[in-house]
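[1] Let me see the structure of the following:
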Amino acid sequence: MGTVLITLIFMSGLLALVTGIFALRAGLKLRRSYVALQSRLISEVAQLADRTSELEESLTGLDARAQALPVRIAELQQNLTTLRVLTNALGISLRQVQRLLSFSSIKSSFAEAFGTITPNGQERRAEDPQP
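    Residues are numbered from 1 along each chain as shown. You can find the predicted model right below:
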């Protein structure tokens, strides 16, 4: 009976040692993950701080440009008028191109449809092998 108890105690100790090793490995993995996450977080915060300082510099420049804005309003209005005229001309041209393209696509689709309906068109289709 004593040997059974000594064997059970020895096996329990061995099991506790194995469990302790697994727990230690898991703790080390957790620590490495924590350090990696912390270093990445620190670098991301540093990048965000750099971007924020760039944004502040840009805002300072925009503020300075906004101070000079009342002087340039007449020039901007002239440029906007010119831009409206050019945009209107572009819109008209694009609508004309759309009409032309829609007309030519309708024309080609009707030509194909009428070509297959006519008897000569069916004979041509039968004679011409499809690639």
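[2] what separates Gln67 from Asn88, distance-wise?
    Counting by C-beta to C-beta, to the nearest Å, the gap from Gln67 to Asn88 is 33 Å. For every residue, glycine as well, the C-beta is placed using N, CA and C.
[3] let me redo that: Leu101
    21 Å.
[4] swap in Leu69?
    26 Å.
[5] do Gly61 as well
    Counting by C-beta to C-beta, the separation of Gly61 from Asn88 is 33 Å.
[6] next one: Arg95
    For Arg95, the distance to Asn88 (C-beta to C-beta) stands at 11 Å.
[7] Give me the average confidence score over the longest helix along the chain.
    Scanning the chain for the helix with the most residues, using DSSP state H, yields helix 2-67. For helix 2-67, the mean per-residue pLDDT is 89.
[8] Now do that helix: which elements does it pack against?
    Using 3 or more C-beta pairs under 8 Å, 6 or more residues apart in numbering; DSSP states H and E as the contact test, no helix or strand touches helix 2-67.
[9] mind starting the numbering at 784 from now?
    Yep, numbering from 784; the last one is helix 785-850 now.
[10] got the domain boundaries for this protein?
    784-850, 854-909 (automatic domain parsing).
[11] That concludes my questions; thank you for your assistance.
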